[in-house]
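J.: compute the structure for the input listed below.
(one chain, ligands or ions: 2)
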Amino acid sequence: MSDDDTSPARGTDGADGEKQRARTDGGGGVALDPWGSATVADYRELFEEFGIEEFEAIIDEVPEPHYLMRRGVIFGHRDYDRVARALANDEPAAALSGFMPTGDPHIGHKLVFDELIYHQQQGADTYGLIADLEAHSARGLTWAEIDEHARDYLLSLLALGFDPEEGELYRQSTNRRLQDLAFELGSNARFAEFESIYGFDGGTSVSHMQSVVTQMADILYPQLDEPKPTVIPVGPDQDPHVRFSRDIARKTRYFKVTEAFASPEFDAAERVLVRRAHDKREAWAEDPETPRCEDAAAWLADAEVDSEFEAARAGAVEKLENAGMEPLRPRTRFLDRNADEEAFESLIEAVPGEKRVFDAHIDSFELDREEAEELAREVEVDNGGFGFHTPSSIYHRFMTGLTGGKMSSSIEASHISLLDEPEEGYDKVKSATTGGRETAEKQRELGGEADECPVYELYAYLLAGDDDDFAEEVYEECVGGERLCGGCKEQAATLLKEFLADHQEKRAEAEELLADLDIDLDIDASRRGIPGDEE
Ligand code: TRP
Ligand code: SF4
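T.: Ligands and ions are numbered 1, 2, ... in the order given. The predicted model follows:
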């Protein structure tokens, strides 16, 4: 792979670049800070500010949507349609997520465990990893603590149904292949990006930075043997990592495929205008069979354009003028980004039919965009490249704490650990806050506020399981005033107690499975801690 690029800005380029900056100021907008507190006041802002897409819009493309999808717990995504399509067509796809072993696994982690298991059952190659390098470098946990928590996460994941024969479990610190990939990807990561994305500065430890490139490697790891659409199920706090990994994945690619109309390279907005001109060629071309660039320029200079494209007009016109008599003719373009000569030569050979070869790009008149993407990837892989698909992601809502406010591992009563004694879980639910009214009478009259109720969330996210009718019944009865909080909590507490007892039994059974896996859960003995970090 060549890396002749020293400009830190590269990668956030043009049409497919994404807004990079994660606001960590919290001032009014949303804050997405992977190492901060995980709360989101307004999910809608995530769509507008960061370009996360609404999950609802693509749920119909998902072959058998999980109940977390059906109930809107999974609310957002990036490019998940690609993964859904691959799964629907029995084509290769992968899913991966990671867990920082900083405490007990709790019911918030269970959401992600379930998402992984779901994708595994849908046929994706599925990976679960323990982010121990991150826990050590960003959170300062000792290796002994990490060993213990790592074990607990893995046991719960197995107990919930992850199949380790079909999928892969690993910890970052002992995965050499992963670390080699992290090193390679580091060539495409600039300190300036760490500053702007994560707010890193001169006081940030090098190990913390290394844990970031390690996460980039985690995200692309499922594609090492073969590129495939990959989904990363996470909370929205991890979106800065997702965006960065998407950028890095693109930067490693040998070729970029774009739509073009003539020899000049138009940017995304200019392309819209030029496409318009081409569509309207009957109106301005002397011979609509061979419309000329300079005539298109003359037309476009006076054409009516939407105000959002006004800024792009001058550039488009100038480029068309410079192309003069050259015909305006749609084509698919392969831009050389990182290919060496050999790879470029093999692409030239591989492009079928009519084509035009330039210094740093090839135009094809026969391939559509998708075919071209596929060919570019094939040639890249054949010539020693990764050929990564830009990774996709899905985002789930954070659970509300049982005490109101956020669910946090550091507030004991706010969360339910998967290791809580069943009786303890029962008690926590019984003393949870609710969306109920002050008196039973008012509750019957006005109904409860299920949407504001952490107990209802428990039903929807966990206790109702796959049974939509049950979840709906609880909701309707609550808001209809037929359900009172005392009985409702009793029912939830009992179900939770049963769930915990059952889960813990399955954890005990998973011990054997875990022992058979090739995962070293006692690395404390072989490593020495790094003292101190900036946090
Ligand atoms: N940073 C994640 C967390 O804080 C853990 C993680 C590491 C991860 N590598 C990952 C998550 C890859 C998703 C994909 O929980
Ligand atoms: Fe919450 Fe149940 Fe009370 Fe409704 S009845 S507010 S769901 S505890």
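J.: show the end-to-end separation of stretch 408-421, please.
T.: 18 Å (Cα to Cα, to the nearest Å).
J.: ranges for the strands of the stretch 151-300 of the chain?
T.: 168-171, 230-234, 255-260 (DSSP state E, counting those that start in this stretch).
J.: winner for burial among these?
T.: Highest mean neighbour count of the strands of the stretch 151-300 of the chain: strand 230-234, a mean of 27 (counted as mean count of other Cβ atoms under 10 Å). All C-beta spots, glycine's among them, are computed from the backbone N, C-alpha and C.
J.: how far is that one from where the chain is centred?
T.: 5 Å (Cα atoms, centre = their mean, to the nearest Å).
J.: ditto for stretch 300-317
T.: Once both centres are worked out by Cα atoms, centre = their mean, stretch 300-317 turns out to sit 35 Å from its chain's centre.
J.: buried residues in that stretch, which are they?
T.: If you call a residue buried by 16 or more other Cβ atoms under 10 Å, then stretch 300-317 has these buried ones: 300, 303, 305, 312-313, 316-317.
J.: can you name the two of the residues you listed that are farthest apart?
T.: A303 and A312 (12.4 Å; Cβ to Cβ).
J.: on that earlier part again, among the strands of the stretch 151-300 of the chain, which is nearest E421?
T.: The nearest among these, by Cβ to Cβ, is strand 168-171 at 26.6 Å.
J.: please name every helix or strand in contact with that closest one.
T.: The contact analysis (3 or more Cβ pairs under 8 Å, 6 or more residues apart in numbering; DSSP states H and E) places strand 168-171 against strand 125-130, helix 143-159.
J.: nearest to L96, of the ones you listed?
T.: strand 125-130 (4.0 Å).
J.: strand partners (parallel or antiparallel) of the closest one?
T.: Strand pairing for strand 125-130, using DSSP bridges, gives strand 94-99 (parallel), strand 168-171 (parallel).
J.: and the single nearest residue of the stretch 401-535 of the chain relative to ligand 1, how many neighbours?
T.: Taking Cβ to the nearest ligand atom, ligand 1 has its nearest neighbour within the stretch 401-535 of the chain at S409, 11.6 Å off. Neighbourhood size, S409 [other Cβ atoms under 10 Å]: 15.
J.: repeat for G76
T.: 22.
J.: write out the residues of the stretch 51-200 of the chain neighbouring ligand 1.
T.: 96-100, 129, 131, 134 (Cβ under 6 Å from any ligand atom).
J.: list just the nearest of those to K251.
T.: Closest to K251, out of all of those and judged by Cβ to Cβ, is L96, at 19.9 Å.
J.: which residues does that closest one contact?
T.: The contact partners of L96, taken as Cβ atoms under 8 Å, 6 or more residues apart in numbering, are 116, 126-129, 218-219, 221-222, 230-232.
J.: need the buried ones from those residues selected in ChimeraX.
T.: Filtering those down to the buried ones (16+ other Cβ under 10 Å) takes a single ChimeraX command:
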select :116,126,127,128,129,218,219,221,222,230,231,232
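J.: out of the contacts of L96, who's nearest C453?
T.: L116 (27.7 Å).
J.: is it correct that that closest one falls within a helix?
T.: Yes: counting by DSSP: H, G, I helix; E, B strand; the rest coil, L116 is located in a helix.
J.: measure it to Y127 for me?
T.: According to Cβ to Cβ, to the nearest Å, L116 and Y127 sit 8 Å apart.
J.: could you tell me which residues touch both of the two?
T.: Both L116 and Y127 are contacted by 95-97, 167, under the criterion Cβ under 8 Å, 6+ apart.
J.: need the residues you listed in a markdown table (columns: pLDDT).
T.: Formatted as a markdown table, the shared contacts of L116 and Y127 follow (pLDDT from 0 to 100):
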| residue | pLDDT |
| --- | --- |
| A95 | 98 |
| L96 | 98 |
| S97 | 98 |
| G167 | 98 |
